[in-house]
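Asks: With the input below, show me the fold.
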Amino acid sequence: MLTAFFAQAAVSPGRQRTFRWLVGCHLGMVLGCVWCVLHFGRVGALVAACVLLTAGIVEGAMLIGWRLTQLPKSQALEFLLVSPMRAGGVLLAEACVGLGRLALVTLSGLPVLVLLVNAGYLDLVDVAPLLAMPFTWGAITGLSLTAWAYEPAAVRRWAERFMFVMTVIYLVVGVLAGEHLADWLKGLPADIGQWCIESVRAFHAYNPFAVIAYWIAEDPKIAWERMAGVEAASLCLVLLLLLRTALRLRGHFHERHYLPATDRKKDRRQAPGDQPLSWWAVRRVTQYSGRVNLWLAGGFGLIYSLYTIMGPLWPNWLGRSVFQVFDRAGGVPLWATALTVLAAVPAAYQYGLWDSSAQDRCRRLELLLLTSLGGVDYWRAAVLAAWRRGRGYLAIAVLLWAAAAISGSISPLRALAGVAAGVVLWGLYFALGFWAFSRGIQANKLGLLLTVGFPLAAYCLVKLGWPTLSGLLPPGSVYYAATPAPPWTWSIGAATGAIFMLVTARWAMRRCETELRHWYSEHHGSMVLD
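Replies: Have a look, this model is predicted:
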């Protein structure tokens, strides 16, 4: 029975395209890592290790998390759930397919790593952690997203409350206390204070990025115990997540399709009114709103803003080391740019906002195209949904720009320029995302290009000594708009982005309904193996 799942994944045109595209992107990142190693030696190897680990996390979310979270949305799963194969077996089979594809993507970089070993830039023992850790943490990421989606709503609500408390504790202990944590804990009993200190140290020493950095920086004979311990714990976590998701598949399917929906927010929820499509789009994106990430970014952004405003007046009994690290990395302009790109992620991934697959899209369009809805209605619904998901990050970025202007590190005019360039970036990414949605183009490639490719390209151009070219890209124009001495090209990049945004938006809005009808006529009734 397991072979049928692998055969289905192998013949699916959509999954084939995604796999080939991911392998190409992975090889491109590996070649970029080679450049870092050749130019910066062991420091470049450290950067390459972190890049490969990040790539594995993203690939795991796409190959495992996306597939498994979308699986219960199809009522066709009901036939498998009543077959002799148990529900847990169905989940484990699909998970094995995802893990196998993730392993192949990870192993695609093995020949390049072997060449680096032969050239003497890496040791042979470095290959194992550079392959194992990205795979393991990619699997953890994908399965964690699946487990979170499968949990009942009540469990997710209590988990969010717990994460809110943990976020507050982390901000207080890891940011405000910082290097003065030991002084803060003197008033507590010795055992409790020591436990808190050791917990913080363990978190900073045994997270995956710290472990792989320790492996690259130290002799493998010294670092292997830490690496082996973290990998063993990670594999145990993978097994626990597999077990939990397998046990929850049937219950999640029944809750999604057969459990009566109860409105717990009757007094606070708006009625659909005259814009039911917009109301539905906002409801859809708020089901998994990602509040925990916003709480963490918002809490740190608020504290960092206060530190920026106070400057030398920052109390000595509060930590400074974390903020100094952020200042050395690029300060307010860099982190405001990163938050702006995060705010634009929902704007770029428009296809996933509406439908998870071609079959769902056909069924939805079969009803929507019978109505009098036009391009403006689809545009309004997409804007409201994307803005609802991204507005928090953009508000934090504006707060950082305002703090930099108040502190005098940049002029108010520069802060306004940063805000304007950030709005242009968000609007440009939304216009391109909406254009892709109306034409039925999957958002993965375009979204990754806009939210990952462009920032990486801007960063690499700066490191190569070409800030003028970096300012032409949307992330580069946002960053340089709020710096004291930016290259003159940032204004050209922002102006070009604004013009392209307006042209694309006008074209996409005018052609939206026609393109949707054309896509529906081509795909309705066709067999889609996806």
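Asks: the strands in the stretch 101-250 of the chain, which residues?
Replies: Here the stretch 101-250 of the chain has no strands by DSSP state E, counting those that start in this stretch.
Asks: Could you pull out the helices in it for me?
Replies: 110-119, 124-150, 153-170, 181-184, 190-206, 208-217, 220-257 (DSSP state H, counting those that start in this stretch).
Asks: Which of the ones you listed sits closest to S321?
Replies: S321 lies closest to helix 181-184 among the helices of the stretch 101-250 of the chain, at 10.7 Å (CB to CB). Heads up, the C-betas are built off the backbone N, CA and C, glycines and all.
Asks: before we move on, the earlier item: I'd like to know which of the helices of the stretch 101-250 of the chain lies nearest to D327.
Replies: Comparing the helices of the stretch 101-250 of the chain by CB to CB, helix 190-206 comes nearest, at 19.2 Å.
Asks: Show me what that closest one packs onto, helices and strands only.
Replies: Packing partners of helix 190-206 (3 or more CB pairs under 8 Å, 6 or more residues apart in numbering; DSSP states H and E): helix 181-184, helix 208-217, helix 220-257.
Asks: Please identify which of those is closest to I309.
Replies: helix 181-184 (22.8 Å).
Asks: for the closest one, which positions count as buried?
Replies: Within helix 181-184, the residues that qualify as buried are 181, 184, counting by 16 or more other CB atoms under 10 Å.
Asks: Kindly check the end-to-end length of stretch 55-64 for me.
Replies: 14 Å (CA to CA, to the nearest Å).
Asks: And stretch 316-323, end to end?
Replies: Stretch 316-323: ends 13 Å apart by CA to CA.
Asks: Looking at the helices and strands packed on helix 190-206, which one is packed in the most?
Replies: Mean neighbour count (mean count of other CB atoms under 10 Å) peaks for helix 208-217 among these, with a mean of 19.
Asks: Assign a three-state SS to R517, would you?
Replies: What DSSP: H, G, I helix; E, B strand; the rest coil gives for R517 is helix.
Asks: what's the spacing between it and R511?
Replies: 10 Å (CB to CB, to the nearest Å).
Asks: And K73, by the same measure?
Replies: Counting by CB to CB, the gap from K73 to R511 is 29 Å.
Asks: low pLDDT regions in the stretch 201-350 of the chain?
Replies: By pLDDT under 70, the low-scoring segments of the stretch 201-350 of the chain are 260-274, 286-289.
Asks: Check which helix or strand L472 maps to.
Replies: According to DSSP states H and E, L472 maps onto no helix or strand at all.
Asks: burial count for N293?
Replies: 14 (other CB atoms under 10 Å).
Asks: Report the contact partners of it.
Replies: For N293, the contact set (CB atoms under 8 Å, 6 or more residues apart in numbering) is empty.
Asks: let's go with 10 Å and repeat that
Replies: Each residue near N293 by CB atoms under 10 Å, 6 or more residues apart in numbering is listed here: 163, 167, 342, 392-393.
Asks: now the stretch 401-530 of the chain, which segments are flagged as low pLDDT?
Replies: In the stretch 401-530 of the chain, residues with pLDDT under 70: 442-444, 524-530.
Asks: can I assume M310 is in contact with N316?
Replies: No. Applying CB atoms under 10 Å, one finds M310 not in contact with N316, separated by 11.8 Å.
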